[in-house]
Every structure is written in structure tokens, then in C-alpha cells.
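Undergrad: just coords:
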């Protein structure tokens, strides 16, 4: 049974990695929900087009958008 190292590192079982396609050097995300950690391999371009159905307002500049996102004017 794998254990957590002193550096809080874990080793994933090779059969599980093969099953979901995780290879050395791959990037991943981890999430905590309901007291469990879930590890998900990231896929380049997986989010591409996710907001394509939203039309931007060309009258709003990048600076105005950033200021609004940050909650008002910045010093």
C-alpha cells in the first residue's frame, strides 16, 4: 500500500496511471470534495471553445474589463 512521504508526496500505482493515461511528466489537477482527493490529468486544449457562445462587447477595452473584474479603480 503506498504511503504519503514526509514531503507529502504520493506515488500513484502504475496500473491506475495506465488505465487513465497518466505518464511521467504529465500535468494534473487535484480537487478535494466530500473528504476525498480526486486527481485529474489535464489535457492541452480541453477548455478551448468553452466560452465561444458568449459574445464580447467590443466597446469595452481590456483595461475597463480588468478594472471591473478587480472591483473598481486601482491605485
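TA: Looks like it arrived, so ask away. Everything numeric here is computed off the predicted structure, so don't read it as measured data.
Undergrad: gap between the two ends of stretch 22-33?
TA: In stretch 22-33, first residue to last residue: 21 Å (C-alpha to C-alpha, to the nearest Å).
Undergrad: what do you get for stretch 52-63?
TA: Terminal residues of stretch 52-63 are spaced 21 Å apart (C-alpha to C-alpha).
Undergrad: pLDDT of it, averaged?
TA: Regarding stretch 52-63, the rounded mean pLDDT is 87.
Undergrad: so how far is it from its chain's centroid?
TA: In terms of C-alpha atoms, centre = their mean, to the nearest Å, the centre of stretch 52-63 is found 24 Å from the chain centre.
Undergrad: Look up how far residue 68 lies from residue 61.
TA: Distance of residue 61 to residue 68, computed by C-beta to C-beta, to the nearest Å: 11 Å. In this view, the C-beta of every residue, glycine as well, is placed from N, C-alpha and C.
Undergrad: how about the strands in the protein?
TA: If DSSP state E is used as the criterion, the strands of the chain fall at 28-33, 36-41.
Undergrad: can you tell which of the ones you listed is closest to residue 11?
TA: Among the strands of the chain, the nearest to residue 11 by C-beta to C-beta is strand 36-41 (12.1 Å).
Undergrad: how about the residue sitting nearest the centre point of the chain, what does it touch?
TA: Ranked by distance to the mean C-alpha position of the chain (C-alpha atoms, centre = their mean), the top residue is residue 29 at 5.2 Å. When contacts are counted by C-beta atoms under 8 Å, 6 or more residues apart in numbering, residue 29 touches 39, 40, 42.
Undergrad: Can you show me the helices along the chain?
TA: 14-20, 62-69 (DSSP state H).
Undergrad: Would you agree residue 26 is in contact with residue 40?
TA: No. Checked against C-beta atoms under 8 Å, the pair residue 26 and residue 40 is beyond contact range at 10.7 Å.
Undergrad: Could you give the average pLDDT over stretch 30-39?
TA: Summarised as a single mean, pLDDT over stretch 30-39 is 92.
Undergrad: Many thanks, I have nothing further to ask.
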